[in-house]
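K.L.:
dropping the sequence and predicted coords here.
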Amino acid sequence: MAKLKEWNVEYHILDKRSMENYMPDDAIELMQTEANINWINAYKSLSDEQKDYLNIAGGFYGDLSKDNKAKADKNEKGHSNKDKNKKKHSFVRPLLSPAQKNLYRDVTPAHFKALEKCIQLSKKGSFKEVFPTYFSNPIVTRKRLDDRVSRQNNPNELQEIVESIQKLL
């Protein structure tokens, strides 16, 4: 950020984790497929604050350092495929940062396990290219977007971003 200021480049730090976290819940539900139904159900069980900071593109696993990913993979491989608890047990949760553990402390083990990976989208392509296309769905209205930001620190954030972009054009 120091370089941006030095170069006099305007920028905005999002209140939420990333653009995916602004997607209205009912639009997320429209993405449901057989492959991601557990992820969608787990997502729906989260509080608004938990949804704001969830790594939708990478899941909890995506938040791990390279070393912790290796630890999680090693621990999971160390359990037999016949182990019934392997599918329910999270090898990721203990490796998260203390802040994440605290934020997601009330998420059930089954829901946590579902959210360890990113949402599986029905459209093919890279996540960062495909996910934004869901914002063009007619269900994503200004009211729904405003509802999604209404309780955050800056409930006018989206309008301010639009105004900043318009000034640049």
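P.N.:
Looks like it came in fine.
K.L.:
residues touching the nearest residue to residue 131 once chain neighbours are set aside, list them.
P.N.:
Here the nearest residue to residue 131 in space, its sequence neighbours aside, is residue 20; by C-beta to C-beta, 6 or more residues apart in numbering that works out to 5.6 Å. (Each C-beta comes from the backbone N, C-alpha and C, glycine too.) Neighbouring residues of residue 20 by C-beta atoms under 8 Å, 6 or more residues apart in numbering: 56, 57, 131.
K.L.:
closest to residue 29 out of those?
P.N.:
residue 56 (13.6 Å; C-beta to C-beta).
K.L.:
need the nearest residue in space to that closest one, chain neighbours excluded.
P.N.:
Nearest one to residue 56, counting by C-beta to C-beta, 6+ apart, is residue 20 at 4.1 Å.
K.L.:
what's near enough to touch residue 47?
P.N.:
Per C-beta under 8 Å, 6+ apart, neighbours of residue 47: none.
K.L.:
per-residue pLDDT, it?
P.N.:
The pLDDT attached to residue 47 in the predicted structure is 96.
K.L.:
and residue 109, by the same measure?
P.N.:
Residue 109 is assigned 94 on the pLDDT scale.
K.L.:
check residue 87 too.
P.N.:
The predicted structure scores residue 87 at 60 on the pLDDT scale.
K.L.:
show me what contacts the most centrally placed residue in the chain?
P.N.:
Taking C-alpha atoms, centre = their mean as the criterion, residue 56 is the residue nearest the geometric centre of the chain, at 2.5 Å. By C-beta under 8 Å, 6+ apart, residue 56 lies in contact with 18, 20, 21, 23, 118, 119, 131.
K.L.:
can you pull the phi/psi pair for it?
P.N.:
phi -60, psi -40 (degrees, to the nearest 10).
K.L.:
any idea how far it is from residue 127?
P.N.:
Distance, residue 56 to residue 127, using C-beta to C-beta, to the nearest Å: 8 Å.
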